[in-house]
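# Fold the following.
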Amino acid sequence: MLGFALGILLNIFVPPVDYEISLAGNFGEPRPNHFHGGLDIRTEGVEGKHIYAIADGYVSRITVGLNGFGNAVYITHPTGHTSIYCHLKSFSPRIKAALRKYQYEHESSVADARLTPLDVPVSQGQFIALSGNTGHSTAPHLHLEVHDTESWDMLDPYEMLNDFISDSIPPQAHAIMAIPLGGTFNGSSSSQTFSPTASAITAWGRVGFALWADDYMEGSSNHYGIRETFLLVDGREVFHSIVDRVPTALNRMVNSWGNYDHFRRHRNWYMKSFVEPGNTLPILRADDQRGVIDFCEERPYQLEYILRDYKGNESHYPFTVNGSKAASSATVSSLRAPLLRSLRTSTYSLPGMQLIVPYGLLATDVELRPQVQRQPDALSDAYAYYDRSLPLMREAELSIFARDLPESVSLVTLTAPDPSKLYLTNEAGQYLGGDYHDGWVTGRIYDLGMSYQLAYDDQPPVVRLQGSDDSPVSGGQLRLTVTDAQSGISSWTATVDDRFVVFDAIEKSSTFAFDLRESWLRRTGKLHRLHFIVTDNRNNTQVYETTFNY
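Predicted coordinates:
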């Protein structure tokens, strides 16, 4: 509380909480398909902690149910920053009033309310929300992001809150990975891991290195991402990363910087100390060999990793690699394997399938390893392109031909099959969308290692009233259970007595709730009619009607 008050007194950025900051996650931690975009601030394991604006500004945006943020508030500051407060349980009365005004004016329960500087101005340290666990959150906490308002690059909030965070523990390296790139390491062309204290290491030819390391802070058992990494060879810097600013459009390039396949199998990240040709992350800096080391002399090479956190705590890990000529044991690739180029658009076709991978979606050239699972009784065969996960920087285009639709795919409506109900799905059953044209369904995919096929959905969502028909209103709320077993819920809207009302989707459940106390309704004991319409992703609609007393 003292630091919070002192921050206001000194007119600098202040903490978003009124107790000592403890981090569950830091900025830039590598995660599948994205960098962690902010700080995860602990809320003592509970919801309902007061959240405050870190600086003067105005509420420029309020979102509900978007981007995995759950309930979120955006505050634009005159310094050129925008701070975002995510996973909130609820908003301050003034912010909630602005949200409800937007929802009723736009007749939409899902909200992306954009506000003007005059709508909800806020002062530094002003209460704006209660912490929660909404959106893509697995435990109560505050996820705080800071963006450059103009470019929308993600910035490290630590820079604004440095004075309020204690950290005297340096980062730690756990292991190093050698990745031969035409050369050999310890006589092999395969990737190998070794301890930072290992000895009797040999290499010849071009080899890249990657590092598994974590940062730590006192008072916490959590581990964090590394802010700065240096790799030196004979005292010369060949690679330097500093995770301080990440363009949002390049988020998925984390899969190229990290060894994504190793992470999928072992759940730890080896971050490469070289830059692949298709990786344009500005936080990675390397020499003219892109950080790859050419062991071309028979002599000892002195390598050293230096790790540094935001507070300047450092760790040094020197090791020696002896240049030693060795016969290459590199495996000769099959000449028949389809090759996707990282720096040009590639296409690949099979009967009933076409894949288009535009320029810039791959960090390096990739030899496909296609697999086709024959499914004569299904809407299509299932297609995979690699024998393990291979994420793309952006979406590739996949088209699959639909076999003649049998009458059996339309069991509910008992009508002729409708091609517009077809969509792409993967082995996990996820809805991937797609448009039908001349027998083909074309959609977008992010990972060449998954299996894809067609699915069909002409069944509308199912709606049930919670509580009894005689007394459905409980605690001032009317609640529905809404489910969809196939393509998933796309949108919903509701009216009471022909006037729009907001039904909030309750996080991590199939419940939709209408709070009568926040609406124009007044408790009079009269009978009212609810009209609820829900539509799934293939445009199947369910209309639910009931009456209730209030």
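# any low-confidence regions in the stretch 451-550 of the chain?
Across the stretch 451-550 of the chain, nothing is flagged by pLDDT under 70.
# now V496, which residues is it bridged with?
Here V496 sits in beta bridges with R499, L530, going by DSSP bridges.
# ok, it - how many residues close by?
Neighbourhood size, V496 [other C-beta atoms under 10 Å]: 20. No exception for glycine: its C-beta is placed from N, CA and C like everyone else's.
# Can you give me the distance of it to D470?
18 Å (C-beta to C-beta, to the nearest Å).
# Report the buried residues of stretch 535-550.
Neighbour-count burial for stretch 535-550, with 16 or more other C-beta atoms under 10 Å as criterion, is recorded at T535, D536, N537, R538, N540, Q542, Y544, F548, Y550.
# Tell me if I'm right that the third one and G434 touch.
Going back to what we said before, that points to N537. No: with contact defined as C-beta atoms under 8 Å, N537 does not reach G434; the gap is 10.2 Å.
# so what sits against both of the two?
By C-beta atoms under 8 Å, 6 or more residues apart in numbering, N537 and G434 have these common neighbours: Y423.
# Nearest to G183 among the buried residues of stretch 535-550?
Taking C-beta to C-beta as the measure, N537 is the one of these closest to G183, at 48.9 Å.
# show me the contacts for that closest one.
If you count contacts by C-beta under 8 Å, 6+ apart, N537 has them with Y423, Y431, G433, D457, S487, G488, I489, S490.
# cool, P117 as well?
Contact analysis of P117 by C-beta under 8 Å, 6+ apart lists Y58, S60, T76.
# So which of the residues you listed is the closest to R114?
Nearest member of the contacts of P117 to R114, counting by C-beta to C-beta, is S60, at 6.9 Å.
# In terms of helix, strand or coil, where does the closest one fall?
Secondary structure, DSSP: H, G, I helix; E, B strand; the rest coil: S60 is strand.
# what does I445 give?
Criterion first, three-state DSSP; result for I445: strand.
# ranges for the strands of the stretch 301-450 of the chain?
314-323, 339-340, 346-350, 353-357, 366-367, 371-373, 382-384, 391-401, 422-426, 435-437, 440-447 (DSSP state E, counting those that start in this stretch).
# which other residues reach the helix or strand that comes right after the last one?
The helix or strand immediately downstream of strand 440-447 is strand 452-456, counting by DSSP states H and E. Residues outside strand 452-456 that contact it (C-beta under 8 Å, 6+ apart) are 375, 378-384, 398, 400, 402, 405, 409-410, 417, 421-426, 432, 441, 445, 486-487.
# follow-up on the earlier one: can you pick the most crowded of the contacts of N537?
Within the contacts of N537, neighbour counts (other C-beta under 10 Å) peak at S487, which reaches 24 neighbours.
# Could you report the separation of the closest residue to it other than its chain neighbours from Q430?
Leaving aside its chain neighbours, S487 sits nearest to N537 (3.9 Å; criterion: C-beta to C-beta, 6 or more residues apart in numbering). Going from N537 to Q430 by C-beta to C-beta gives 11 Å.
# do the same with D153
Taking C-beta to C-beta, one finds D153 at 29 Å from Q430.
# Looking at those two, which has the bigger crowd around it?
A count of neighbours by other C-beta under 10 Å puts D153 above the other of D153 and Q430, at 17 against 11.
# Test my guess that that one contacts D244.
No: with contact defined as C-beta under 8 Å, D153 does not count as touching D244 (9.9 Å).
# Could you find the closest non-adjacent residue to the spatially most central residue of the chain?
Nearest to the geometric centre of the chain sits H34, at 5.2 Å (C-alpha atoms, centre = their mean). Nearest residue to H34 in three dimensions, chain neighbours excluded: N251, at 4.5 Å (C-beta to C-beta, 6+ apart).
# same question, P196
Y317 (4.2 Å).
# ok, now which ones touch that neighbour?
Counting by C-beta under 8 Å, 6+ apart, Y317 has contacts A173, I176, P196, E304, Y305, I306, L307.
# Also I128?
Contacts for I128 (C-beta under 8 Å, 6+ apart) come out as I51, Y52, A53, V59, V73, I75, Y85, F91, S92, I95, V122.
# so where's the chain uncertain?
Applying pLDDT under 70 to the chain flags residues 1-11, 327-336, 405-416.
# so what are the domain limits for it?
Here the domain assignment for the chain is 2-164, 172-323, 339-456, 462-549, based on automatic domain parsing.
# Name the strands paired with the one helix or strand R464 maps to and say parallel or antiparallel.
In this assignment (DSSP H and E), R464 forms part of strand 462-465. Using DSSP bridges, strand 462-465 pairs in its sheet with strand 477-483 (antiparallel).
# tell me the contacts of H143?
Counting by C-beta under 8 Å, 6+ apart, H143 has contacts G38, L39, D40, I41, F69, Y85, C86, H87, S137.
# mind redoing it with 7 Å?
Applying C-beta atoms under 7 Å, 6 or more residues apart in numbering, we find H143 in contact with G38, D40, C86, H87.
# quick one: which of these sit in strands?
G38, D40, C86, H87 (DSSP state E).
# right, and the second one touches H141 too?
What that stands for is D40. Yes: using C-beta atoms under 7 Å, D40 is in contact with H141, at 5.2 Å.
# shared neighbours of the two, anything?
A24.
# and V110, how far is that from L66?
7 Å.
# before we move on, back to that, what's opposite the residue nearest to the centre of the chain in the beta bridge?
Going by DSSP bridges, H34 is paired in beta bridges with R31.
# Surely H528 is in contact with D497?
Yes: applying C-beta under 7 Å as the test, H528 and D497 come out as touching, 5.5 Å apart.
# More neighbours: which of those two?
Between H528 and D497, counted using other C-beta under 10 Å, H528 has the larger neighbour count: 18 against 13.
# May I see the buried residues of the helix or strand hosting that one?
In this structure, H528 is located in strand 527-536 according to DSSP H and E. Buried residues in strand 527-536, counting neighbours by 16+ other C-beta under 10 Å, are found at H528, L530, H531, F532, I533, V534, T535, D536.
# of all the residues you listed, which comes closest to R265?
Closest to R265, out of all of the buried residues of strand 527-536 and judged by C-beta to C-beta, is D536, at 35.0 Å.
# Is that closest one in contact with V482, as I believe?
No: judged on C-beta under 7 Å, D536 makes no contact with V482 at a distance of 10.2 Å.
# who touches both of these two?
By C-beta under 7 Å, 6+ apart, the residues touching both D536 and V482 are P461, I489.
# What is the neighbour count of the residue lying closest to V120 once chain neighbours are set aside?
Nearest non-adjacent residue to V120, counting by C-beta to C-beta, 6+ apart: V59, 3.9 Å away. By other C-beta under 10 Å, 25 other residues sit near V59.
# mind checking how far the residue nearest to S487 is from G476?
Counting by C-beta to C-beta - N537 and G476 are separated by 32 Å.
# Same question for P351.
For P351, the distance to G476 - C-beta to C-beta - is 59 Å.
# In terms of packing, which of these two has more residues around it?
The residue with more neighbours, out of P351 and G476, is G476; 15 against 7, by other C-beta under 10 Å.
# surely that one meets D515?
Yes: with contact defined as C-beta under 7 Å, G476 and D515 form a contacting pair (6.2 Å).
# Going along the chain, name the helices of the stretch 251-400 of the chain.
In the stretch 251-400 of the chain, helices defined by DSSP state H, counting those that start in this stretch lie at 254-257, 260-266, listed in chain order.
# Now tabulate those helices in JSON lines and tack on mean neighbour count and distance to P157.
As requested, the helices of the stretch 251-400 of the chain are exported to JSON lines (neighbours: other C-beta atoms under 10 Å; distance: least, C-beta to C-beta, whole Å):
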{"stretch": "helix 254-257", "mean neighbour count": "25", "distance to P157": "18"}
{"stretch": "helix 260-266", "mean neighbour count": "16", "distance to P157": "25"}
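# Tell me the bridge partners for the nearest residue to Q354 once chain neighbours are set aside.
Leaving aside its chain neighbours, Q354 sits nearest to S399 (4.6 Å; criterion: C-beta to C-beta, 6+ apart). For S399, the beta-bridge assignment (DSSP bridges) gives partners Q354, T442.
# That concludes my questions; thank you for your assistance.
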